[in-house]
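# Provided below are the primary sequence and the corresponding predicted coordinates.
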Amino acid sequence: MQTEIIIAGFGGQGVLFAGQVLAYAAMDQGMHVTWIPSYGPEMRGGTANCTVVISDLEIGSPLISHPTAVIAMNKPSFDKYEKMVKAGGLLVVNQSMVDREVERNDIRSIMVPANDIAEKIGDKRMTNMVLLGALLGNLNFLPLKAVEKSLREHLPVKHHELLPANREALERGSAFLAVTVAPVIE
Amino acid sequence: MAKELLKGNVAIAEAAIRAGMNAYFGYPITPQTELLEWLAKRMPELGRAFVQAESELGAVNMVYGAACTGARVLSSSSSPGVSLMLEGLSYIAGTEVPAVLVDIMRGGPGLGNIAPAQADYNQIVHGGGHGDYHPIVLAPANIQEAIDLTYGAFDLAEKYRSLVIILADGSLGQLMEPAVLPEMLPVIMRQPEWATYGAAGREKRILSSINLEPREQEAFNLHLEKRWQEIKKAEVRYMEYYLEDARYAVVSFGTSGRISLSAIRAARAKGIPVGLFRPITLAPFPEQELYELSQRMDGLLVVEMNSGQMLEDVIKITRNSIPVEFYGRMGGMVPMPEEIEAEIDRLVNQPHSPNGHPRDRWLDRFSLDN
Amino acid sequence: MVQTTFEEQVVYSRPIAFSDSQTHYCPGCTHGTAHRLVAEVIDEMGIREKMVGVASVGCSVFAYNYFNFDFVQAPHGRAPAMATGIKRVLPDRYVMTYQGDGDLASIGMGEIVAAAARGENITVIFLNNANYGMTGGQMAPTTLPGQKTSSSPTGRDVELAGFPIRTAELLATLDGASYVVRRSLHDPKNIRMAKKAIRLAFETQKHGLGFSLVELLSVCPTNWGMTPSQAQDWVGEVMVPYYPINDFKVHPALANIKA
């Protein structure tokens, strides 16, 4: 079993961190995992993405053309990665940052108003955790509790006051259930 | 020890620290900079030497100087920086002082870009600097291997008074994987019988790469060659995957090797009996092992992130005795598993023309649309 | 016959830091003088067993044969970087580079400037003889305007080849440099001054004060096409006016140290 996830968005949205949280949780569950960022001079303020591969076998390629699941945190990522999700895969979109609906009907997808939810929780920085929660709630390969536990264990102690907000964000996100878009009949 | 999620550049740096490295000299260059940054913090807090040099030229000569004292010393860079270091590497080889260098390769030639590549293969494996010399070249494909090879590199360098080069690419430098770090060895100042550290109570020593008398230089060259033969006998390392029942093999190192593994699994799922031969020591190359493997295969596919530099070695080793095909991406592009899988399909299903060079056939079908 | 016994008194001998060997230098060359001064200072300070020297590329390439202490031999221009590597892992040893003007001020300008700027606690003995000696007298960065060499056969044309570099003055501008002076080896008085400067340079290192460099104006009778005494006169009359004998940077703490 191998699960491949790309998380993409603007630099500063916590794209890389969300991927690392996932990687820690997978490691703590005894799975093989790779995390690789896009890296380059555009790292600050530009687009950022990372690919996380989780498997019960030694992982071959850490780079994936057609991932099992994608979290698109902004419009450019939505436009780029909707096409790339593997058929039957999952697309989680940050509804707060896009202005259209999902077009593909051969994948499961879910629009999550993650910015709004994060603001309600009281911390805009939780957007990534809301979306990660939605991903976990719809993939059923890593229990939410495992991710919460890994956050507690790997988040530096000085950030531990953020743990309750992180937990709430994950849980609120996980309540969004993905559906397959009905084909448009013309 | 528990596994930690470690980034390649940091893992290599920390492994070197735990191997008892006395000193590091380097110059910032993407995509290896985290290695230097990690050591900029760790080395001073451990009371060890760290200098950000004025250039790679400066860095490699600081390594040369420190290595002459018997210290465990490291530098790291990426392709354009390593080009600048080649002068120093030749001198280090010509003086027989042990030193370890990490090359986190990027796209080239010239300034190129900062994306992952394997196009320093010839520069590193086949010398690069002037004169006859052979560095030991280690090519990790995952973080644990990068740690283990770096940790052992200093022993290897000292055992043979040789240059050891860890050859990896930008994606391994940036990749995070769970891995176990080894125990911290005590940091000691070694005083080998050849080193120059002050002639207290003994005759003075000279470390130099000069031999004005060609006959003496030749004797030294012969000594280096004999020692290289010893290294070839003792230090070859490689990994085999799914080769027990295979009739086809992919030959690939480092990142392209592990990407090939994904393609091989996909091909095997379709019933193609294919496996992976992944050299870990690019020098000494697992020549005998690859030759023997080739004799029981119906065909080989060489995959690299360059224009077929290792391919030439594979052709030499297999002596045109079986079909060899090549697939490469260049300039910082990474071959994706699907592309390699298609090449495996082609190798199995389309008998190749026995004429011509695998590189020519690859170039004929190469498309920038991939 | 009256027998007179004299008490034997040694007034002159080879320094211990100087090997019992014959140098390859040309007759009249001042490299030998510079070597001897360095060896005497090392003897007087009793630091021979803690010395590591770094030879450069040029006429002094074989300096490692003439000094009686540990030595390494650097690629052309890179001696200050090698010295940095040695000093950083062995901070309690004395590290010296011995470089000529082509090595230090041309191909190695990057390394020497960076080492001085870092305040690297090493001592640099820098011989300036206004040409590339070993390769047969080509124009060096220190060759004077109008000076004929084998690669400036009609004299250095500053329009085409630019101007000489006053290395000591240049390095003295760096905050990391603690002792930077120029001396000359063309007559006994200057030679005595040079020795004092070399001593102070090593004292600078001994007291951990940072980078020290002594530029020594030297003769090259062979390539200049002069007799040794003509060459010495040329240094005094032509080189010294362009390259003044002076202290360009002296760390205040050195005022209390007797050389």
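Yep, that arrived.
# so how many other residues sit close to residue 114?
If you meant another chain, say so; for now it's chain A. 31 (other C-beta atoms under 10 Å in any protein chain shown). Heads up, the C-betas are built off the backbone N, CA and C, glycines and all.
# hmm, I had chain C in mind actually
Residue C:114 has 21 neighbours, counted by other C-beta under 10 Å.
# Surely it forms part of a strand?
No - counting by DSSP: H, G, I helix; E, B strand; the rest coil, residue C:114 falls outside a strand, being helix.
# Next one, pLDDT for it please.
Residue C:114 is assigned 98 on the pLDDT scale.
# Which parts of chain A are helices?
Secondary structure of chain A, counting by DSSP state H: helices at A:15-28, A:75-82, A:114-121, A:127-139, A:144-154, A:163-174.
# swap in chain B?
Ranges of helices in chain B, per DSSP H, are B:8-18, B:33-45, B:56-68, B:79-95, B:121-125, B:143-160, B:170-174, B:214-234, B:254-269, B:287-294, B:309-318, B:337-349, B:358-365.
# Can you say which of the ones you listed is nearest to residue C:177?
When those are compared by C-beta to C-beta, helix B:56-68 sits nearest residue C:177, at 17.1 Å.
# Nearest to residue A:149, out of the helices of chain B?
helix B:143-160 (22.9 Å).
# Tell me the residues of the stretch 1-150 of chain C that contact chain B?
By C-beta under 8 Å from any C-beta of the partner chain, the part of the stretch 1-150 of chain C that sits against chain B consists of C:19, C:48-52, C:54-55, C:61, C:64-65, C:67-75, C:78, C:81-86, C:88-90, C:93, C:110-111, C:113-114, C:118.
# That should have said chain A, apologies.
The interface of chain A toward chain B, taken as C-beta under 8 Å from any C-beta, is made up of A:20, A:23-24, A:27, A:32-37, A:39-41, A:58-66, A:154.
# Distance-wise, check the most centrally placed residue in chain B relative to residue C:107.
Closest to where the C-alpha atoms of chain B average out (C-alpha atoms, centre = their mean) is residue B:167, at 2.6 Å. Residue B:167 is 29 Å from residue C:107, where distance means C-beta to C-beta, to the nearest Å.
# same check, this time on residue B:139
Taking C-beta to C-beta, one finds residue B:139 at 34 Å from residue C:107.
# The residue of the stretch 51-200 of chain C found nearest chain B: how many residues sit nearby?
Of the stretch 51-200 of chain C, the residue with the smallest distance to chain B, taken as C-beta to the nearest C-beta, is residue C:85 at 2.9 Å. Neighbour count for residue C:85, taken as other C-beta under 10 Å: 33.
# which residues sit in contact with it?
Residue C:85 is in contact with B:23, B:25, B:61, B:62, B:63, B:64, B:65, B:66, B:67, B:68, B:69, B:73, counting by C-beta atoms under 8 Å, 6 or more residues apart in numbering or on different chains.
# Can you give the strand pairings for the helix-or-strand element of chain A with minimal mean pLDDT, parallel or anti for each?
Counting by mean pLDDT, DSSP states H and E, the weakest-scoring helix or strand in chain A turns out to be strand A:179-180, with a mean of 88. For strand A:179-180, sheet partners with direction are given as strand A:108-112 (antiparallel), following DSSP bridges.
# The partner strand vs helix A:127-139, what angle?
Interaxial angle of strand A:108-112 relative to helix A:127-139 (axes from the mean of the first three to the mean of the last three C-alpha atoms, to 10 degrees): 150 degrees.
# what does strand A:108-112 contact?
With C-beta under 8 Å, 6+ apart as the criterion, strand A:108-112 contacts A:88-95, A:98, A:101-102, A:130-131, A:134, A:138, A:173, A:176-181.
# Report the contact partners of residue B:148.
B:15, B:140, B:182.
# of those residues, buried ones?
Among these, those scoring as buried are B:15, B:140 (criterion: 16 or more other C-beta atoms under 10 Å in any protein chain shown).
# Between the contacts of residue B:148, which sits nearest chain C?
When the contacts of residue B:148 are ranked by distance to chain C (C-beta to the nearest C-beta), residue B:15 comes first, at 19.7 Å.
# still on that earlier bit, give me the PyMOL select line for the contacts of residue C:85, limited to the buried ones.
Restricted to buried positions by 16+ other C-beta under 10 Å, the PyMOL selection for the contacts of residue C:85 reads:
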select buried, chain B and resi 23+25+61+62+63+64+65+66+67+68+69+73
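# what's the nearest residue to the residue of the stretch 51-200 of chain C closest to chain B if we skip its chain neighbours?
Using C-beta to C-beta, 6 or more residues apart in numbering or on different chains and skipping the chain neighbours, the partner closest in space to residue C:85 is residue B:65 (2.9 Å).
# isn't that neighbour right up against residue C:53?
No - under the criterion of C-beta atoms under 8 Å, residue B:65 is not in contact with residue C:53, lying 11.4 Å apart.
# who touches both of those two?
By C-beta under 8 Å, 6+ apart, the residues touching both residue B:65 and residue C:53 are residue C:72.
# What confidence value was assigned to residue 55?
By default, I'm working from chain A. Residue A:55 is given a pLDDT of 97.
# that's the wrong chain, I wanted chain C
Model confidence at residue C:55, given as pLDDT, is 98.
# and it, bridged to which residues?
residue C:73, residue C:98.
# Now for it, how many residues are close by?
Neighbours around residue C:55, by other C-beta under 10 Å: 27.
# How much space separates it from residue C:121?
Residue C:55 sits 19 Å away from residue C:121 when distances are taken as C-beta to C-beta.
# do residue A:151 as well
Separation of residue A:151 from residue C:121 (C-beta to C-beta): 48 Å.
# and what of residue B:75?
21 Å.
# residues in contact with residue A:150?
Residue A:150 sits in contact with A:21, A:24, A:25, A:27, A:28, where contact means C-beta under 8 Å, 6+ apart.
# check contacts around the residue of the stretch 251-370 of chain B found nearest chain C.
Using C-beta to the nearest C-beta, residue B:283 is the residue of the stretch 251-370 of chain B that sits closest to chain C, at 23.0 Å. Counting by C-beta under 8 Å, 6+ apart, residue B:283 makes contact with B:124, B:125, B:134, B:135, B:136, B:137.
# Likewise for residue C:155?
Residue C:155 makes contact with C:145, C:146, C:147, C:148, according to C-beta under 8 Å, 6+ apart.
# can you map out the helices along the stretch 101-250 of chain C?
C:101-102, C:109-117, C:158-161, C:167-172, C:188-206, C:221-224, C:228-234, C:240-242 (DSSP state H, counting those that start in this stretch).
# for those helices, which one sits closest to residue B:189?
helix C:188-206 (19.7 Å).
# quick one: buried residues of the closest one?
By 16+ other C-beta under 10 Å, the buried positions in helix C:188-206 come out as C:190-191, C:193-206.
# doesn't residue A:15 make contact with residue A:132?
No - Residue A:132 lies out of contact with residue A:15 (C-beta under 8 Å); the separation is 10.5 Å.
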